[in-house]
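Participant: Show me the folded form of this:
(2 chains)
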Amino acid sequence: MMSELSVNHLLGIKDLTTEDIQLIFQTADQFKEVINRPIRKVPSLRDITIANLFFENSTRTRLSFELAEKRLSADTVNFSASSSSVSKGETLIDTVNNILSMKVDMVVMRHPNPGAAVFLSQNVDSIIVNAGDGAHEHPTQALLDAFSIREKHQDLKGKKVVIVGDILHSRVALSNIFCLQKLGAEVRVCGPTTLIPKYIHTLGVEVSHNLQESLEWCDVANMLRVQHERQDIKYFPSVREYTQQFGLTLPMLDSLKKDITIMHPGPINRGVEITTEVADSDYSIILNQVENGVAIRMAVLYLLASKKKMNFNG
Amino acid sequence: MIKKELLSGKSIDIILSRLTCELIENHGDFSDTVLIGLQPRGVLVLDKLLTKLAGNGISNVNHGRLDITFYRDDFRRRDIPLQPNQTKIDVILEGKKVVFVDDVLYTGRSVRSALDAIHSFGRPSEIELLVLIDRRFSRELPIQPDYTGKQVDSLASQKVAVEWKEESDKDVVYLIKPNDE
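Facilitator: Down below sits the predicted model:
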């Protein structure tokens, strides 16, 4: 069977078709087998060079992308804003074009500004993969979240997923909403009024401010991190109060007496959005998410690279 | 398009029996041997061979399926990429005798990719190749089969299609020619 993605860059889930997402999943299934072999490497991208540009801190996403690239045999160069000329006042396009002059085929970029990836794709000649742009999208995270749900529940159609926490500042939430809806799941967001965007209901999601009731409703709960660094003003009185209202504990889950799946995109604030007991319980698929992240990113890079045809004429 | 029957179900059955005997001759009780079906079509031939081996009193033969999509030498050269199939090899191949099983050997490029791919599972002591159909004189690489069902002479414009009764109505091998030849 043959197919390819409808897009040339991965900028956001919004641009993907349901078929694109299914193709990424089917490809990731095979890469998941690859990364569990005695030798976890395939030669597919050996003639591709990928630049990882991280204008914002990241541990997990960056490591995950780098592992995915290496397991596909791509060459990689890394760049982080703190140790670069960005602090000397260079513009984004100049930075990226300088890197592309060194013959780089793909760019994986994390940037604090929403739309940075789209902007780049319109202004430079390279395949762009968005690894998170401000509070806009984080497509690979949404793909790996949905892939992890699919792994546990087979099909996402009709599944009920609640995203809990700081929806306002969360790119993970937005990408997850798009991705889950395209796969036929029902999505609800839950959090303090101040952290729920005013017009979120226009995306077709339900809004709730009651964690207990949302847990009773859902099959899967995705607990977002409280992003202290993005909160320039106080959105809730105290962390303690947030935890009392929206913190997930093991007794709450046990009292539901149902097969509920708990996810978290990391990094976890243990004892804030979820307790240690929940994070380490059988309800949690947090570490599966991390493993699946590498497979999903391999699939995305592989499928995008396959669209850049070999050119022997310079 | 003209379809010419190259092998009937009966002939395929006789050929599979012969190939099974040849395998038994070289591999005895198969304790050190792993049969690997190459995805997608070699897996179907492998299933037939396993049934034949069981009929000869040899069951529990180590086997697996290998997909070579990520090892192909035409990545970024095809118009539309191929979708990968499942790889399932639960045995460590270090020091084992491996036999690749495929339906049609043509240019030899898939087998080259398979030789590359198989090393992710350990270093076999030897690797052999079994094919149902050998489209001879069309090789692009120095690769030859160790066990051959039938040799076929064909042009590059033609196709050889192996069909099984599980997917169509009968076991049959066709030579498919375009109309203008």
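Participant: B:Leu141 - how many residues pack around it?
Facilitator: 12 (other Cβ atoms under 10 Å in any protein chain shown). (Glycine included, C-beta is placed from N, CA and C.)
Participant: Ignore what I typed, I meant B:Asp67.
Facilitator: 23.
Participant: what pLDDT does it get?
Facilitator: Here, the pLDDT recorded for B:Asp67 equals 96.
Participant: What sits closest to it if chain neighbours are left out?
Facilitator: Spatial nearest neighbour of B:Asp67, excluding adjacent residues (Cβ to Cβ, 6 or more residues apart in numbering or on different chains): B:Gln39 at 4.1 Å.
Participant: who's in contact with the one you found?
Facilitator: Listed by Cβ atoms under 8 Å, 6 or more residues apart in numbering or on different chains, the contact set of B:Gln39 reads B:65-69, B:85-87.
Participant: Beta-bridge partners for A:Ile50, please?
Facilitator: A:Thr76, A:Met106 (DSSP bridges).
Participant: how far away is it from B:Asp74?
Facilitator: 21 Å (Cβ to Cβ, to the nearest Å).
Participant: ok, these two, which is more surrounded?
Facilitator: With other Cβ under 10 Å as the criterion, A:Ile50 and B:Asp74 differ in neighbour count, and A:Ile50 comes out ahead with 26 against 11.
Participant: ok, now which ones touch that one?
Facilitator: Contacts of A:Ile50 by Cβ under 8 Å, 6+ apart are A:69, A:74-77, A:104-108, A:301.
Participant: Quick one: buried ones out of the contacts of B:Gln39?
Facilitator: Buried by 16 or more other Cβ atoms under 10 Å in any protein chain shown: B:65-69, B:85, B:87, out of the contacts of B:Gln39.
Participant: Now residue 102: closest residue in space, sequence neighbours ignored.
Facilitator: Picked chain A for this. Closest residue in space to A:Met102, ignoring its immediate chain neighbours: A:Val77 at 7.7 Å, by Cβ to Cβ, 6+ apart.
Participant: could you do chain B instead?
Facilitator: Counting by Cβ to Cβ, 6+ apart, the residue nearest B:Asp102 is B:Gly42, at 3.8 Å.
Participant: hang on, isn't that neighbour packed against B:Phe100?
Facilitator: Yes: at 7.3 Å, B:Gly42 counts as touching B:Phe100 under the criterion of Cβ atoms under 8 Å.
Participant: can you count the residues close to residue 11?
Facilitator: Just so you know, I chose chain A. 24.
Participant: Can you look at chain B instead?
Facilitator: Number of residues near B:Ser11 (other Cβ under 10 Å) recorded here: 16.
Participant: which residue packs closest to B:Ala114, ignoring adjacent ones?
Facilitator: B:Ile68 (5.0 Å).
Participant: got it, and A:Ala173?
Facilitator: Nearest to A:Ala173 is A:Ile167, by Cβ to Cβ, 6+ apart, at 4.6 Å.
Participant: The one you found and A:Lys198 touch, don't they?
Facilitator: No: counting by Cβ under 8 Å, A:Ile167 stays clear of A:Lys198, with 10.9 Å between them.
Participant: Have a look at these two and say which one is more surrounded.
Facilitator: A:Ile167 (24 against 8).
Participant: and the more buried one, what does it touch?
Facilitator: A:173, A:189, A:191, A:195-197, A:200, A:224.
Participant: can you tell me which of the residues you listed are in strands?
Facilitator: Taking DSSP state E, the ones among the contacts of A:Ile167 that sit in strands are A:Val189.
Participant: Same list (the contacts of A:Ile167) but as JSON lines, adding neighbour count.
Facilitator: Shown next, in JSON lines, are those (neighbours: other Cβ atoms under 10 Å in any protein chain shown):
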{"residue": "A:Ala173", "neighbour count": "29"}
{"residue": "A:Val189", "neighbour count": "29"}
{"residue": "A:Gly191", "neighbour count": "28"}
{"residue": "A:Leu195", "neighbour count": "23"}
{"residue": "A:Ile196", "neighbour count": "21"}
{"residue": "A:Pro197", "neighbour count": "17"}
{"residue": "A:Ile200", "neighbour count": "17"}
{"residue": "A:Leu224", "neighbour count": "24"}
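Participant: Out of the contacts of A:Ile167, which is nearest to A:Ser284?
Facilitator: When the contacts of A:Ile167 are ranked by distance to A:Ser284 (Cβ to Cβ), A:Leu224 comes first, at 14.5 Å.
Participant: follow-up on the earlier one: quick one: which of the contacts of B:Gln39 is nearest chain A?
Facilitator: Distance to chain A, by Cβ to the nearest Cβ, is smallest for B:Thr87 among those, at 5.3 Å.
Participant: That closest one against B:Asp67, yeah?
Facilitator: Yes: with contact defined as Cβ under 8 Å, B:Thr87 counts as touching B:Asp67 (4.6 Å).
Participant: quick one: common contacting residues for the two?
Facilitator: A:30, B:39.
Participant: What segments of the chain are strands?
Facilitator: You didn't say which chain, so I picked chain A. Going by DSSP E, chain A shows strands at A:49-54, A:75-80, A:106-111, A:127-133, A:160-164, A:186-190, A:206-208, A:220-223, A:261-263.
Participant: Correction: the question concerned chain B.
Facilitator: Under DSSP E, chain B gives strands at B:2-7, B:33-38, B:62-66, B:97-105, B:126-135, B:147-152, B:159-163, B:172-177.
Participant: could the ones you listed go into CSV alongside distance to A:Asp125?
Facilitator: Shown next, in CSV, are those (distance: least, Cβ to Cβ, whole Å):
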stretch, distance to A:Asp125
strand B:2-7, 47
strand B:33-38, 38
strand B:62-66, 37
strand B:97-105, 41
strand B:126-135, 42
strand B:147-152, 47
strand B:159-163, 39
strand B:172-177, 42
